[in-house]
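>>> I'll drop the sequence and a predicted model, then ask my questions.
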Amino acid sequence: MKKISAVVAMFAVTAFAGAALAADVIELPASFGKVTFPHAKHVALLKDCKKCHTGAPGKIAELNKDWAHKTCTGCHKEMKKGPVGCKDCHKK
């Protein structure tokens, strides 16, 4: 299952890498429902791309379930802002 998730994540990174910098909203495929990521809103709020983009500019080194749950949910809990429940992010 981890191999399938990794392949899906790599596809998503490749497919959306060019558009991610300019996109207002990014739709990421997920095995339990698609995730809509409001990129422009995060850029405006955080003003620090390195919070998510620790590797090369415009890329996330390990975009996968574990990374997203740790990084995204962790930040939302820390800032007391944003969704933290499964169904809040994963829409069917």
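Thanks, I have it.

>>> Toward the C-terminus, what is the element adjacent to the helix-or-strand element of the chain with minimal mean pLDDT?
In the chain, the helix or strand scored least confidently by mean pLDDT, DSSP states H and E is helix 2-20, which has a mean of 49. Remark: after helix 2-20, the chain's next helix or strand is strand 26-28, criterion DSSP states H and E.

>>> Going by contacts, tell me the helices and strands next to that following strand.
For strand 26-28, the contact count by 3 or more C-beta pairs under 8 Å, 6 or more residues apart in numbering; DSSP states H and E identifies helix 2-20, strand 34-37 as packing neighbours. Heads up, the C-betas are built off the backbone N, CA and C, glycines and all.

>>> Give the buried residues for it.
Ile26, Leu28 (16 or more other C-beta atoms under 10 Å).

>>> what does stretch 55-72 give?
So stretch 55-72, judged by 16+ other C-beta under 10 Å, has buried residues Ile60, Leu63, Asn64, Lys65, Ala68, Thr71, Cys72.
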